[in-house]
Structures are given as C-alpha cells and as structure tokens.
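**Q** Provided below are the primary sequence and the corresponding predicted coordinates.
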Amino acid sequence: MKWLIWSALAVAIVTHIIIPWHNVFQSTGVVLATPDAYSMLYCADNGIYSWEGGVSFFASIIVAFGQIFHLSNVVSETVLPVILFFLTLIPLYIISKTLFNKSVAIGSLVIYCLLPGELLERTKLGAGDYHCWEIFIFTTVMMLIVLTITNNNWRRWLFVCVVIFILLIYQMALLKVLLAPIIVIATIGLFAFLRLKGWSWKIVLVTLYSVMLIAVYLALPDLFCKAVDWASINLTTITNEMMPLFFTAGQFDTWITVWNYFGATFFLALFGLGWILYQVIRQKGLLNILFFTWTVVMLWLTIAMRRSAYYFATNIAILTSLVIYEYGLYWVKNNERLIKYTVVIVLIVCAPLLSISIRAADSNGYAPSQDWQRICQWLSTQDQGSVFTEWNYGYWIMAIGNHQVASGGGGPTTSQELIAISTNSIQAIAELKKENMKYIIIDKTMVEDNIGFTIQRVKAKVNKQDTFIYKLYYLGDQGCQLVYWQDSIKVFKIN
C-alpha cells in the first residue's frame, strides 16, 4: 500500500509544484496565481497584521515563515500553499483511519492528491491567499473533534483544549470560526433526536433548537444574516468563486463545473453519503452522525458557493475511498477480478482527475498578465493618487503599483459600482473627485463583460453602451486624459 501513497505524493508534486512553476517564476519576476494573493502580499510588505482579519492575519504568517527560512515575502507566499497542502494530508489520514480503516485512509490520500477544482487552485505554487491556511486549520480542527469522540482518557480533554485554543486565535472570519462548532451542535442534536424514545421528547428537542436559532437571530442579527447569505444561492454575482456550483453567470451549466472540480468522485461520494445515512439510521453511532452532518453541511455550502468546495474536498476524498473499498470487498473475489476492478477505478476515477488537474495546474487565468504587470510597474513610478478600477485589478495595483485603490467587488453594491454604470459622465467625474480619485484603469473585459453583470445585479435600467466606464473606454475624454495604455488596458488621469 505504500506505493499508492508515494505515487499520490508524486502526482501532487507534479500538479502543485512542477507544472505551475513556469507560470510563477517568470522573466518579469515572481507572479502570484490569484488576485487575493496580492492583497496578502501588500499587507505583508506594509506591516498590516491583525488577529481579526483573514488577509492581514495570514500576512503575519507569510512574514514569519519568510524570516525563519530567510525568504522574501513574495517567495514565502509562493511556497506556503504547497507546504500547507501536504501538511493537511496528516489530519485527513487520521480522520479517515479513525472513522473507517487504514485502507480507506490511504485511498482518501490518493483521491485528495488527485482532486482539481478549488482545492488545487488554493494550494498550488503561487496561490498564496489565506484559503490554503483555512483548509489546513479546519481539517485539523475536525481531526481533533473526531479524536475527542474516540478517546475516553485524558487525551480527550487535551484535544478539547487545543480546539478551543485554535478557534480563539483563528479569527480570520467569524462565520468560518463558528463552522466547526455549528457542525458539532447539529451533530449533538441529530444524535439526541435519533436516540430519544417517543415523539414527545423529539418535539421538545426540535422546539429547543428552534428557540436557540431564534435567540441567535435576535442577539446577533448581522451574524445570522451573513450566515444565511453564505448558505444562499446567488445567481447575480460576477465572481467565479462565489457562483453556485451548478450555475455560471446566472445560467445553469449542468454538470460542467462539478466535473471540473471533482470528476466522477462527486457522484461516488453521493453513494457514499447514502451509505453513511444508512449506517446512521441503523446504528445511530456518534461518529457516523458527525461525519454525515459535516458532509451535508459542506455539500450544501458548496452547492451555494463554489469557494466552499475546498472544504468539501476532504469529505469527497473520504467518501469516494469508502465506496471503492466497500464495493471492492463485495465484488472482488479473486486476483482476476482485482485486476479488472483496479483498471475500472483507474479509468473512471483516477485518469479523469489527473487529466483535469494537469490542465488546471497549468492554467494561469487569475494571475496578472504581462500587460497588467507593465501597467502596474509603470504606475509605481507615478505620483501617488487613488485608482478607480475593478477589485481584482485593485489587488495587483496595490501590491505591484503601490497605489491605493477604490473598487467595486462582486458582493454588495458599492458606490464605485454605481459610479461605473452612471450615464452622467459629469456627475461620475464629480463623485470620483469627491472620493479623491486620480486615475481610472479599465480594460476590455471590464467594459464588455463585467459591467453587464453589475447592471444586472443592481437592477439598473441602463444599457452598458450608455455607462460612464463604457463611454470612457471607447470614446475617451469624459473629463479624463488617456496617459498610458498596454494592449486592451487603458489608464486615464482625471483632469
């Protein structure tokens, strides 16, 4: 079985390090793989650290790691995702071995190393945003919770203390801090519901949990609403990671995204989830209930928002391995069948995942192009002044161009988005001057694609051709001077 582990690790090294290498270490310098990574680089370079913000908290880890190993911040941030990925394999193995057995645990590692999608995007070379840290921390917390349940000695209290300690310092985002406790509370409720005798006691339990939910809403309405938003499907977002699993730009895309994220493992995992549900109903064991609850929560969060898929990858890997193992016990009766079964698994599960992962590892769609690098490098030589652009471009401008940015994002409506889609250019320029904007940087994607999604999201009754940004890009002037351009990217200075 060791050869399986070494083969999986070798594949992970290829997809996480070797293939992305040429995209990260370019002739122009180190190029990070995501816009968020540049936000963290900006915080690391400028000493912006906080225990309460995910971006700035991870920036302190970048700096600390760089100082320990004598690396620059950008190189430290480049290699950290890969290191955290391989460290995550340890709690993954312990969880799956504790829940099931060693064979399932090894299979889980193999599947996890092959998975593309959000997991690969967040953990490959250069993807230095805080999500790689989240994956490691959350998996570790769930491992400690599993070990707490299975240990009846003093170690149980040690695990509890470690979990509490991690949750206290892990203030990257309050909702994500509460995710593990919410799973535990839901597990306790389901365990009690299944164990209680008589419907009267079950109704009392449901009523108690309902009262608790109402109390949370009344005591922490903002937090409650954020949690609901996190678990809700949003069809109007223009940010890929925030789109629902089955919808792209508001349009149903069948199983395309699911296949690119999970391949056949998604469907096998659903079978595995059904098997776990059967065990929950039959045995009512606490560990099975915990894993079932955890999986259902992550499945729904992934359906609602793609970025949660990097959490769900752990469940996918374990469930897929479980299905392969259990069916193998049932069907494989001799060496001939073992060979046939192995070939089928390789062709249906492993080969497609490997193919998708190789393509995803070589993709560089979220990194700044060489044109954007030149724009930002030029901007770094100019007089200081705030820049108006899109949020993802803004991160590049802050970290490379060394300028402050005001930009609209893919979430709630911002004043910058309303300025962008304004049909009154004079009023738009006046608003930008009021917000101390000096430069406007826009490209073709922003005016041809994203501006339409913004109009749709804010439900404005305007044509994109009439908007301030569109007219500025194609017609020029509008109270601005074109001062620099690179291919389809234009920089305007406000007069």
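**A** It's in.
**Q** when you work out contacts or count neighbours from here on, use the C-alpha atoms and nothing else.
**A** Will do.
**Q** show the pLDDT at the closest residue to Trp21 other than its chain neighbours.
**A** Spatially, and ignoring its direct neighbours in sequence, Trp21 is nearest to Leu125 (7.0 Å; Cα to Cα, 6 or more residues apart in numbering). On pLDDT, Leu125 comes in at 96.
**Q** where do the strands sit along the stretch 201-350 of the chain?
**A** 247-248, 251-252 (DSSP state E, counting those that start in this stretch).
**Q** the residue nearest to Trp21 touches Pro81, doesn't it?
**A** Yes - taking Cα atoms under 8 Å as the definition, Leu125 is a contact partner of Pro81 at 6.5 Å.
**Q** what is in contact with the two at once?
**A** With contacts defined as Cα atoms under 8 Å, 6 or more residues apart in numbering, no residue is shared by Leu125 and Pro81.
**Q** before we move on, back to that, how about the contacts made by the residue nearest to Trp21?
**A** By Cα under 8 Å, 6+ apart, the neighbours of Leu125 are His16, Ile17, Pro20, Trp21, Val24, Ala33, Thr78, Val79, Leu80, Pro81, Val82.
**Q** narrow those residues to those that are buried.
**A** Buried subset of those (neighbour count, 16 or more other Cα atoms under 10 Å): His16, Ile17, Pro20, Trp21, Val24, Ala33, Thr78, Val79, Leu80, Pro81, Val82.
**Q** all helices for the stretch 251-400 of the chain, in order.
**A** Under the criterion DSSP state H, counting those that start in this stretch, the stretch 251-400 of the chain contains helices at 256-262, 265-283, 286-304, 309-331, 335-345, 351-362, 370-379, 391-399.
**Q** got JSON lines for the ones you listed, with mean pLDDT too?
**A** Shown next, in JSON lines, are the helices of the stretch 251-400 of the chain (pLDDT from 0 to 100):
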{"stretch": "helix 256-262", "mean pLDDT": "94"}
{"stretch": "helix 265-283", "mean pLDDT": "95"}
{"stretch": "helix 286-304", "mean pLDDT": "96"}
{"stretch": "helix 309-331", "mean pLDDT": "95"}
{"stretch": "helix 335-345", "mean pLDDT": "92"}
{"stretch": "helix 351-362", "mean pLDDT": "95"}
{"stretch": "helix 370-379", "mean pLDDT": "92"}
{"stretch": "helix 391-399", "mean pLDDT": "86"}
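**Q** next, format those as CSV and append distance to Val216 and mean neighbour count.
**A** Conversion of the helices of the stretch 251-400 of the chain to CSV gives the following (distance: least, Cα to Cα, whole Å; neighbours: other Cα atoms under 10 Å):
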stretch, distance to Val216, mean neighbour count
helix 256-262, 34, 20
helix 265-283, 28, 18
helix 286-304, 19, 21
helix 309-331, 25, 22
helix 335-345, 46, 12
helix 351-362, 41, 19
helix 370-379, 45, 18
helix 391-399, 33, 24
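**Q** next up, phi/psi of the nearest residue to Ala367 once chain neighbours are set aside, please.
**A** Computed as Cα to Cα, 6+ apart, the closest residue to Ala367 that is not its neighbour in sequence is Ala33, at 4.6 Å. Note on Ala33: its backbone torsions stand at phi -90, psi -20 [degrees, to the nearest 10].
**Q** quick one: closest of the helices of the stretch 251-400 of the chain to Tyr439.
**A** Proximity to Tyr439 (Cα to Cα) singles out helix 370-379 among the helices of the stretch 251-400 of the chain, at 9.6 Å.
**Q** ok, Asn335 to Leu353 distance?
**A** From Asn335 over to Leu353 the distance is 26 Å, taken as Cα to Cα, to the nearest Å.
**Q** same check on Ile48?
**A** Ile48 sits 39 Å away from Leu353, going by Cα to Cα.
**Q** and the helix ranked longest in the chain, what does it pack onto?
**A** Across the chain, the longest stretch assigned as helix under DSSP state H is helix 73-99. Counting contacts by 3 or more Cα pairs under 8 Å, 6 or more residues apart in numbering; DSSP states H and E, helix 73-99 packs against helix 35-45, helix 54-68, helix 102-114, helix 117-123, helix 131-150.
**Q** a markdown table for those, including distance to Glu431 and mean neighbour count?
**A** As requested, the helices and strands packed on helix 73-99 are exported to a markdown table (distance: least, Cα to Cα, whole Å; neighbours: other Cα under 10 Å):
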| stretch | distance to Glu431 | mean neighbour count |
| --- | --- | --- |
| helix 35-45 | 26 | 25 |
| helix 54-68 | 29 | 21 |
| helix 102-114 | 49 | 24 |
| helix 117-123 | 37 | 26 |
| helix 131-150 | 35 | 21 |
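**Q** dump these to JSON lines, plus distance to Ser488.
**A** Listed next are these as JSON lines, based on distance: least, Cα to Cα, whole Å:
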{"stretch": "helix 35-45", "distance to Ser488": "19"}
{"stretch": "helix 54-68", "distance to Ser488": "30"}
{"stretch": "helix 102-114", "distance to Ser488": "36"}
{"stretch": "helix 117-123", "distance to Ser488": "26"}
{"stretch": "helix 131-150", "distance to Ser488": "31"}
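**Q** for His22, pull up the helix or strand it's in.
**A** helix 21-24 (DSSP states H and E).
**Q** which residues touch that helix?
**A** Where contact means Cα under 8 Å, 6+ apart, the residues beyond helix 21-24 that reach it are Val30, Val31, Leu32, Ala33, Leu125, Gly126, Asp362, Asn364.
**Q** surely the last one and Val31 touch.
**A** The reference is to Asn364. No - counting by Cα under 8 Å, Val31 is not a contact partner of Asn364; they are 9.8 Å apart.
**Q** domains of the chain?
**A** Per automatic domain parsing, the domain ranges recorded for the chain read 2-362, 370-494.
**Q** the shortest one: how far from the chain's middle?
**A** Spelled out, that is domain 370-494. Centroid separation for domain 370-494 versus its chain: 26 Å, with Cα atoms, centre = their mean, to the nearest Å.
**Q** hang on, the earlier thing: and the least confident of the contacts of Leu125?
**A** Within the contacts of Leu125, pLDDT reaches its minimum at Ala33, with 91.
**Q** residue contacts, it?
**A** For Ala33, counting by Cα under 8 Å, 6+ apart, the contacting residues are Val24, Leu125, Gly126, Ala127, Gly128, Asn364, Tyr366, Ala367.
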